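Student: okay, structure incoming, though there's no sequence with it:
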């Protein structure tokens, strides 16, 4: 694509009388790594869920690869197939091995040949640095390993966009680095990524843009190192100071 892969136009999301996203507008081009930062409860995770069609919206429009995203439309399954989403929790099936967790959806849901999917999955396990754990069950793996299996599962569908919703927030500090290393590798491949994170160093090293959100709005949208060095708003300056110590 030469134009944006994702376009968000005056997006409004409400839960009851509470406005979570308040007229949010932005676009994302192929190959960008957009890192969303900001206080909890300001709509970052909700934004990703709206992009993936997991939430109804009350105003505005979302277009992914030129196609309107509507949570209840017949086309939403096809849209989601092109978007890989990695959540805070790993959501792996405990009774299936790591390999089975990755091949399940392509084979059962999308009807792909199992032999081809397994071959692709083994390559993905190398990519996420887990070839040695391919036959392990979730209970036998650390949180970081489970999250890397979840990343491999998302990659199995060959998504055009990867979205990470605080993927390291539920992990022990010792395992965070392994997950971030895999995410760095994906960014170096030129993957288009939206990342909700509190890992500011990762955002500075890997992100092409840092989007600071507050109260459902975009306050700043700039190159990460520029924002960290000199936030242009007092609100961003206070937030970044608080999480950088």
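Tutor: The structure has been received and is ready for your questions. Since the structure is predicted, the reported quantities are computational estimates derived from the model, not experimental observations.

Student: listing request: residues of the chain with sub-threshold pLDDT.
Tutor: Low-confidence regions of the chain, defined by pLDDT under 70, span residues 1, 245.

Student: moving C-terminal of the longest helix along it, what's the next helix or strand?
Tutor: Of all the segments of type helix in the chain, defined by DSSP state H, the longest one is helix 173-188. Heading C-terminal from helix 173-188, the first helix or strand you meet, by DSSP states H and E, is strand 193-196.

Student: assess the claim that residue 48 and residue 196 are in contact.
Tutor: Yes - in this structure, residue 48 is within contact of residue 196 by CB atoms under 8 Å, at 6.3 Å. Yep, even glycine has a C-beta here, placed from its N, CA and C like the rest.

Student: got any residues that touch both of these two?
Tutor: Each of residue 165 lies in contact with both residue 48 and residue 196 under the rule CB atoms under 8 Å, 6 or more residues apart in numbering.

Student: buried residues in the host helix or strand of residue 126, which are they?
Tutor: In the assignment (DSSP H and E), residue 126 maps to helix 114-127. Buried positions in helix 114-127, judged by neighbour count with 16 or more other CB atoms under 10 Å: 117-118, 120-122, 124-125, 127.

Student: tell me what that helix is packed against?
Tutor: Contact analysis of helix 114-127 by 3 or more CB pairs under 8 Å, 6 or more residues apart in numbering; DSSP states H and E lists helix 98-104, helix 143-155 as its packing neighbours.

Student: tell me which of these is the most buried.
Tutor: helix 143-155 (a mean of 24; mean count of other CB atoms under 10 Å).

Student: please report how far the residue of the chain most remote from its centre lies from residue 122.
Tutor: Computed with CA atoms, centre = their mean, the residue of the chain farthest from its C-alpha average is residue 115, at 28.1 Å. According to CB to CB, to the nearest Å, residue 115 and residue 122 sit 11 Å apart.

Student: this structure: helices as residue ranges?
Tutor: 44-51, 76-81, 98-104, 114-127, 143-155, 173-188, 200-206, 224-229, 234-244.

Student: JSON lines please, covering those helices and showing distance to residue 92.
Tutor: Output for the helices of the chain, formatted as JSON lines (distance: least, CB to CB, whole Å):
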{"stretch": "helix 44-51", "distance to residue 92": "20"}
{"stretch": "helix 76-81", "distance to residue 92": "18"}
{"stretch": "helix 98-104", "distance to residue 92": "5"}
{"stretch": "helix 114-127", "distance to residue 92": "14"}
{"stretch": "helix 143-155", "distance to residue 92": "6"}
{"stretch": "helix 173-188", "distance to residue 92": "14"}
{"stretch": "helix 200-206", "distance to residue 92": "23"}
{"stretch": "helix 224-229", "distance to residue 92": "31"}
{"stretch": "helix 234-244", "distance to residue 92": "29"}
